[in-house]
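Engineer: Give me a model of this one.
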Amino acid sequence: MGVGRGGPSGGSLGEPRSQQAGKSSLINAGVLPALAEGAIPGSDRWLPLCARPGQDLLTELESAGLPGAAADGLVAAAESRLAAEPDYDHLLLVIDQFEELLTQPVLDSHQRADDRRLRAVDQLVELGGSSAAVTVLLVMRNDFYAPLDALAVLTTEVGDGAHGVVILK
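Structural biologist: Sure, this is the predicted structure:
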């Protein structure tokens, strides 16, 4: 039996009953504590930082504890934050409700240089291709997979793609 907002559902555990299936609760009450306890070898030394995209993902990441994300870029900000945290050797960026980034209006061609959304995607792609000790966990509703697929340079599906697991390339 799965549990979503409003109580139990008829599905199996891990099978959301609706789009409001408590993804944030699962991350905060299940995934993060399990990682802190070392569920993945070494994950007890991961520094978790959680943010939502809001209007400017890079600024939100700065507010969540990643100084320099907007000004210096995600790679430099991540490396700097880890260097300042001797108890941690890996950074876990949890971007909850990632669909917020995908629902922002697309700017016309004259405004693209100022598009904070595209700048954030570019930074995530750069971070994914870097050697920085960072894992990015995108948490989002599955009805936004198609718009995410439009950013194919950003993601690789894991498994059959039906269970909402996406990793950065």
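
Engineer: So for residue 19, what's the pLDDT?
Structural biologist: As predicted, residue 19 sits at a pLDDT of 49.

Engineer: Residue 124 touches residue 75, doesn't it?
Structural biologist: No: judged on CB atoms under 8 Å, residue 124 makes no contact with residue 75 at a distance of 10.3 Å. Using the backbone N, CA and C atoms, a C-beta is placed for each residue, glycine as well.

Engineer: Neighbour count: the two, which is higher?
Structural biologist: residue 124 (25 against 18; other CB atoms under 10 Å).

Engineer: what number of residues lie near residue 72?
Structural biologist: Residue 72: 16 neighbours (other CB under 10 Å).

Engineer: right, I mislabeled it, should have said residue 131
Structural biologist: 7.

Engineer: And the one 5 residues further on, by the same measure?
Structural biologist: Applying other CB under 10 Å, we find 19 other residues in the vicinity of residue 136.

Engineer: With residue 38 instead?
Structural biologist: Counted with other CB under 10 Å, residues neighbouring residue 38 total 12.

Engineer: Which residue, neighbours along the chain excluded, lies closest to it?
Structural biologist: residue 44 (4.0 Å; CB to CB, 6 or more residues apart in numbering).

Engineer: ok, so what distance separates that neighbour from residue 78?
Structural biologist: Per CB to CB, to the nearest Å, residue 44 is found 19 Å from residue 78.
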